[in-house]
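**Student:** Test case, fold it:
(4 chains)
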Protein chains: 2
Amino acid sequence: MEHRSINLGTAFQICQDKSMVKKARSPKRRDNSLSRDRIIEASIELLDSYGERGLTFRTLSELLETGPGAIYWHIANKGELLTAACDAIVARTMKALLDGVTPEAKIRAIALGIFDTIAAHPWLGSVLIRAEFHSPLVRIFEPIGRQVRALGVPDGEQRVIVFSLLSYILGVGGQNAANLQFARTRGIDRSDFLEAVSSAWSQLDPDEYPFARSIAGQLPDHDDRVDFLAGIDLILRGIRSPRPG
Amino acid sequence: MEHRSINLGTAFQICQDKSMVKKARSPKRRDNSLSRDRIIEASIELLDSYGERGLTFRTLSELLETGPGAIYWHIANKGELLTAACDAIVARTMKALLDGVTPEAKIRAIALGIFDTIAAHPWLGSVLIRAEFHSPLVRIFEPIGRQVRALGVPDGEQRVIVFSLLSYILGVGGQNAANLQFARTRGIDRSDFLEAVSSAWSQLDPDEYPFARSIAGQLPDHDDRVDFLAGIDLILRGIRSPRPG
DNA sequence: ACCTGAACACCGTTCAAGT
DNA sequence: ACCTGAACACCGTTCAAGT
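**Tutor:** Numbering: from 1, shown residues only, chains lettered A, B, ... in the order given. Modelled structure (predicted):
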């Protein structure tokens, strides 16, 4: 019983950080004293430079000129650190979004904003998909939801459509992030990577994998962004088209 | 130059394991001597019982009654071990698929097969999305591709559509896996988890998150599988509907 | 209140040495 | 060829002790 309520208490904190609930900020901000914000900025620096494996409490405390234990005064654990770093970046992305005219164009702009952000910060792709329903996901969910509503989708169908769009975006983003990190770890670039996949797929068993083989040749020259947007348009067409029954 | 070719060589091995290229198996299979297959089965056992964190080379070698070093004779590293475990499960899932009549029904069956597999083995969700273009992904990609072709989609549009379906499936699966593992780690069940998210969302700032708030109440009672299939149907409607221009 | 840094309990991986 | 197990170079996290 007590166990249960403690756990629920923890889950309850989802999205309860200051930036989502709108509270006055404490005004103290001394020189270079440690703070949650400084820790998050330094974490992003490490993640961008060296990937998810590059963020450790030791390198982080070194960069911040302190001890590993000091960080735990401001942040509960590594998971919270990753989510907070992710949230900071997503918040910036959503603020800087290009605005479209129609709801469709706005949905495309939101999707492309996330896509490009993940391309720029590959570590974010895997963190985002593991974020359960924490704040970074809500920051994406909300504006998509508003546009789906603006599209005139009936109330009862909005939830499913918004989650579908979000899932697609996170799925593409997660895979892209994995590919980018794979390539970076091996020290190869995008075209070398795609060339290798293409060549591997074209050598698959012709009886068992005819489709994959037939598509292999298209891999090296395709445009990730164009394909991603084509998928968004596919879903948008599905939204517009009448439901059976 | 040498560096480059070595790296490409590694990437080149994507999908090159025996089961994909169809080679004769070596017939030796002594008592309980260590083998790649035995290692993979034991890994799945640990992953299912204790999650991704439960698979370590120490616990694994203990279960196999050997030393940690012995495993490295059969498997290169932990990443390969995870991919191989994932691949074994996906292969079984694809073999046991319920067959549909129409291409649409077959696509739904494939998608639902993956969805249920991830629900049964949450660790698989995150591994699958990080699998780049390795064999487990091709096992899913291929049958979807055949059905998209059977749907009469023109050659030039098949790739994008198949990747869209795959991305959606992986996106839902990855999020579901994260939610399930989150709940399991806290020792709470699905309904406690959703209740907590719902309550957190309903307390978001009304000016900034009106849509998320409006949806909060629907979370505890929704059916994951139904929603997932509704998303698949959304994409299927998009495929059927005519492209503009 | 906030920071220090040694210490704890782990990891994945390597490798000389065995059979 | 295949296995052993100690050793290496790390991890995240804790906590007594400081200021």
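
**Student:** now the helix or strand hosting residue A:191, how far from the centre of its chain.
**Tutor:** Per DSSP states H and E: residue A:191 is located in helix A:190-201. In terms of C-alpha atoms, centre = their mean, to the nearest Å, the centre of helix A:190-201 is found 25 Å from the chain centre.

**Student:** Now do the buried residues in the very next helix or strand once past that helix.
**Tutor:** Heading C-terminal from helix A:190-201, the first helix or strand you meet, by DSSP H and E, is helix A:210-216. Within helix A:210-216, the residues scored as buried using 16 or more other C-beta atoms under 10 Å in any protein chain shown are A:211-216. Backbone N, C-alpha and C define where each C-beta goes, glycine included.

**Student:** Now flag whichever of those is closest to residue A:102.
**Tutor:** residue A:215 (32.3 Å; C-beta to C-beta).

**Student:** was I right about the closest one contacting residue B:145?
**Tutor:** Yes. With contact defined as C-beta atoms under 8 Å, residue A:215 reaches residue B:145; the gap is 6.9 Å.

**Student:** So for the two, which residues contact both of them?
**Tutor:** Common neighbours of residue A:215 and residue B:145, using C-beta atoms under 8 Å, 6 or more residues apart in numbering or on different chains, are B:158, B:162.

**Student:** Not counting sequence-adjacent ones, nearest residue to the residue of chain A found nearest chain B?
**Tutor:** Closest to chain B within chain A is residue A:171: 2.7 Å, counting by C-beta to the nearest C-beta. Among residues not flanking residue A:171 along the chain, residue B:171 sits closest, at 2.7 Å (C-beta to C-beta, 6 or more residues apart in numbering or on different chains).

**Student:** Now do the phi/psi pair for the residue of chain A most remote from its centre.
**Tutor:** Most distant residue from the mean C-alpha position of chain A: residue A:207, 37.3 Å away (C-alpha atoms, centre = their mean). When read as degrees, to the nearest 10, the backbone of residue A:207 gives phi -80, psi -40.

**Student:** just to revisit the earlier point, which of the three states applies to the residue of chain A closest to chain B?
**Tutor:** Under DSSP: H, G, I helix; E, B strand; the rest coil, residue A:171 falls in the helix class.

**Student:** now the helices: where do they sit in chain A?
**Tutor:** In chain A, helices defined by DSSP state H lie at A:2-12, A:18-21, A:36-50, A:57-63, A:68-71, A:78-95, A:103-120, A:122-129, A:135-150, A:155-186, A:190-201, A:210-216, A:224-240, listed in chain order.

**Student:** and the closest residue to residue A:88 other than its chain neighbours, how far is that from DNA strand C?
**Tutor:** Spatial nearest neighbour of residue A:88, chain neighbours left out: residue A:40 (5.5 Å); criterion: C-beta to C-beta, 6+ apart. In this view, residue A:40 and DNA strand C are 14 Å apart by C-beta to the nearest atom of the strand, to the nearest Å.

**Student:** How confident was the prediction at residue A:40?
**Tutor:** Note on residue A:40: pLDDT of 98.

**Student:** Low-confidence bits of chain A, can you list those?
**Tutor:** Scanning chain A with the threshold set as pLDDT under 70 gives A:1-32, A:245.

**Student:** Please repeat the previous calculation with a cut-off of 80.
**Tutor:** Scanning chain A for pLDDT under 80 picks out A:1-32, A:242-245.

**Student:** Just say which of the helices of chain A is most tucked in.
**Tutor:** The highest average neighbour count among those, using mean count of other C-beta atoms under 10 Å in any protein chain shown, belongs to helix A:122-129 at a mean of 26.

**Student:** sorry, back to before: return the residues in contact with the residue nearest to residue A:171.
**Tutor:** With contact taken as C-beta under 8 Å, 6+ apart, residue B:171 is in contact with A:129, A:166-172, A:174, B:129.

**Student:** Just send those residues back as a markdown table, with distance to residue B:62 too.
**Tutor:** Output for those, formatted as a markdown table (distance: C-beta to C-beta, whole Å):
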| residue | distance to residue B:62 |
| --- | --- |
| A:129 | 32 |
| A:166 | 41 |
| A:167 | 38 |
| A:168 | 41 |
| A:169 | 41 |
| A:170 | 36 |
| A:171 | 36 |
| A:172 | 39 |
| A:174 | 32 |
| B:129 | 29 |
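
**Student:** what's the closest of those residues to DNA strand D?
**Tutor:** Among these, residue A:129 lies closest to DNA strand D (C-beta to the nearest atom of the strand), at 19.3 Å.

**Student:** quick one, what contacts that closest one?
**Tutor:** Shown in contact with residue A:129 (C-beta under 8 Å, 6+ apart): A:170-171, A:173-174, B:126, B:129, B:171, B:174-175, B:178.

**Student:** one more time with 10 Å
**Tutor:** Residues near residue A:129 by C-beta atoms under 10 Å, 6 or more residues apart in numbering or on different chains: A:137, A:167, A:169-171, A:173-175, A:177, B:125-126, B:129-130, B:170-171, B:173-175, B:177-178.

**Student:** No further questions, thank you.
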